[in-house]
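Based on what follows, work out the 3D shape:
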Amino acid sequence: MTAPEARETLTPGELRTLFLFEALDDEQLAWLAERGRVETRQARSHVYSQGEDATCFFVLLSGTVALSRQLHGDDIELMRSDQKGAYAGATQAYLGDRVDQVYPNTMRAVTDAEFFVLPAAEFATAVRAWFPMALHLLEGLFFGLRASDIIVGERERLVALGSLTAGLTHELNNPAAAAVRATETLRDRVAHMRYKLALIADGRVDGKRLHELVEMQDAAVKRARDARQLTAIEAADAEDELGDWLEEAGVANAWDIAPTFVSGGIDADWLAEATAELSDDNRRAAVGWLNYTVDTELLMNEIGDAVDRISGLVDAARQYSQLDRAAQQPVDIHELLDATLVMLKAKVPASVRVVKEYQPDLPLVPAYGAELNQVWTNLIDNALAAMDGTGVLTLATWYEAEHVYVEIRDTGTGIDPEIRPRIFEPFFSTKPVGQGTGLGLDISYRIVVNKHGGDIRVESRPGDTRFRVCLPLVRPSADEPL
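Alright, predicted model coming up:
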């Protein structure tokens, strides 16, 4: 704060000309005159700066001042006034040590300016003693709003957590249900296989024929394991051809078992060659045995795929939450983005195409992985909302000059240029009432900028909105709390 150039006081009569003090009695005015002082500031000098200890309450006597605030690295002018009696400074001194007593903004003298200055402690004493009812109202308003902010913030996190949990549960349910269905079917197939084994145990199949069946079975299993995925047209043609062959061979339920053989990579030519030396009765028995074999192999593959999907989802959830990781450590940005996409999969409409433009060999970034995942969640969720069910969501990464960049792009309607400067402000939201609290981008900004020493910016026009996050590869010397 610039040192005062003059130290004098105002008379009680002069204080009464200020609208803030006009209703005070003579004794109160005299009390203020005794404790306050007059100070001047030169043009273009700071009266006080945002974040400094709030030591004084200022009332403008003459000149012009401007109030500004640092917001996301930019100095935003809030107001400019030359009104005699305008006040600013330690306006929350009456709350005492229950709040941080720092200046919430910066006051700058636009022209030479003169002030009546009251020490913060004296201002607090006057408010408490002279206006007890107003003090209670102000305290209730201040702390009530702060408590509401906390509740809204917690509610926002709970809603986000509930949405993610519902999505993950939905994703887990599909492979789990598939595994249950496959297991039930496999149980039935194994029961039939036991019946076939009983026939072998009774000696109804000679040893030579048994060896041939086992060799056929092994060959069928190998084909099923290596079978490629056919298109719908290819599969239909193969089933028709195989169904005709099975029907000619006198196999019961030919058209029911043909799809199983086709899915296992077995066609009419292979079956004809494998059973060429068998009698009609033995061929039908061998085909039935092979059907159970292939079906069993396919069911086990289905169960294996379902378990792999469940394992992948659990791993994505672990990666997303970072529960088994240190709070801050080198992280793979691609792993974090992929985990977030898995967690949000249920919210991505079928008509939205997801494109990944990842730079290979992206270096690890020293970061708080779980908190960065909050950033990706907020940006992707906003991008999906902006596209309203259709479009292209692009996730791009690259690095240059000791920084890693992550860009979330969408093809939505874009952000109105008039509101773009406000999108990172707390509680500012473009969503309808009840659909957003306006905390997502503010939280994202604080995580990226305050927590990681990075930067987050937006470029937007209709059909192309880009949120770009910049993260340093070298950690700042000290971490700032959120």
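
Which residue is the nearest non-sequential neighbour of the residue positioned nearest the centre of the chain?
With distances taken as Cα atoms, centre = their mean, residue 377 lies nearest the centre of the chain, 1.3 Å away. In space, and not counting its chain neighbours, residue 377 is closest to residue 340: 5.7 Å by Cβ to Cβ, 6 or more residues apart in numbering. Where C-beta positions appear, they are placed from N, C-alpha and C, glycine not excepted.

got it, and residue 257?
Distances taken as Cβ to Cβ, 6+ apart put residue 291 closest to residue 257, at 4.7 Å, once the chain neighbours are dropped.

Look at residue 364 and say how many residues are nearby.
A count of neighbours around residue 364, defined by other Cβ atoms under 10 Å, yields 13.

Could you tell me the model confidence score at it?
pLDDT, residue 364: 92.

Grab the nearest non-local neighbour of it.
Spatial nearest neighbour of residue 364, excluding adjacent residues (Cβ to Cβ, 6+ apart): residue 330 at 3.7 Å.

Flag the shaky bits of the stretch 251-400 of the chain, pLDDT-wise.
Residue ranges of the stretch 251-400 of the chain with pLDDT under 70: 278-279, 309, 311-327.

Revised request: answer the last question for the stretch 1-150 of the chain.
Low-confidence segments of the stretch 1-150 of the chain (pLDDT under 70): 1-7, 71-75, 131-150.

what do you get if the cut-off is 80, keeping everything else the same?
For the stretch 1-150 of the chain, the stretches with pLDDT under 80 are 1-7, 70-78, 94-100, 128-129, 131-150.

Break down it into its strands, ranges please.
37-41, 46-48, 56-62, 65-71, 74-81, 87-89, 106-109, 113-119 (DSSP state E, counting those that start in this stretch).

and those as TSV, adding mean neighbour count and distance to residue 390?
Listed next are the strands of the stretch 1-150 of the chain as TSV, based on neighbours: other Cβ atoms under 10 Å; distance: least, Cβ to Cβ, whole Å:
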stretch	mean neighbour count	distance to residue 390
strand 37-41	20	57
strand 46-48	21	51
strand 56-62	21	55
strand 65-71	17	34
strand 74-81	12	35
strand 87-89	21	49
strand 106-109	22	46
strand 113-119	22	56
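
how about TSV for the ones you listed, with distance to residue 409 added?
Below are those laid out as TSV (distance: least, Cβ to Cβ, whole Å):
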stretch	distance to residue 409
strand 37-41	47
strand 46-48	41
strand 56-62	47
strand 65-71	25
strand 74-81	24
strand 87-89	42
strand 106-109	36
strand 113-119	48
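
Out of these, which is closest to residue 180?
Closest to residue 180 of those, according to Cβ to Cβ: strand 65-71, at 53.7 Å.

sorry, back to before: am I right that the residue nearest to residue 364 is in a helix?
No. Residue 330 is assigned strand when assessed by DSSP: H, G, I helix; E, B strand; the rest coil, not a helix.

circling back: distance check, the residue nearest to residue 377 against residue 408.
Using Cβ to Cβ, to the nearest Å, we find residue 340 at a distance of 10 Å from residue 408.

quick one, which of those two is more surrounded?
Each of residue 340 and residue 408 has its neighbours counted (other Cβ under 10 Å); residue 340 has more, 25 against 22.

Surely that one touches residue 380?
Yes. Counting by Cβ atoms under 8 Å, residue 380 is a contact partner of residue 340 at 6.5 Å.

Wait, residue 96 touches residue 125, no?
No. Using Cβ under 8 Å, residue 96 makes no contact with residue 125, being 10.7 Å away.

between those two, who's got more neighbours?
Comparing residue 96 with residue 125 by other Cβ under 10 Å, the one with more neighbours is residue 125, at 16 against 12.
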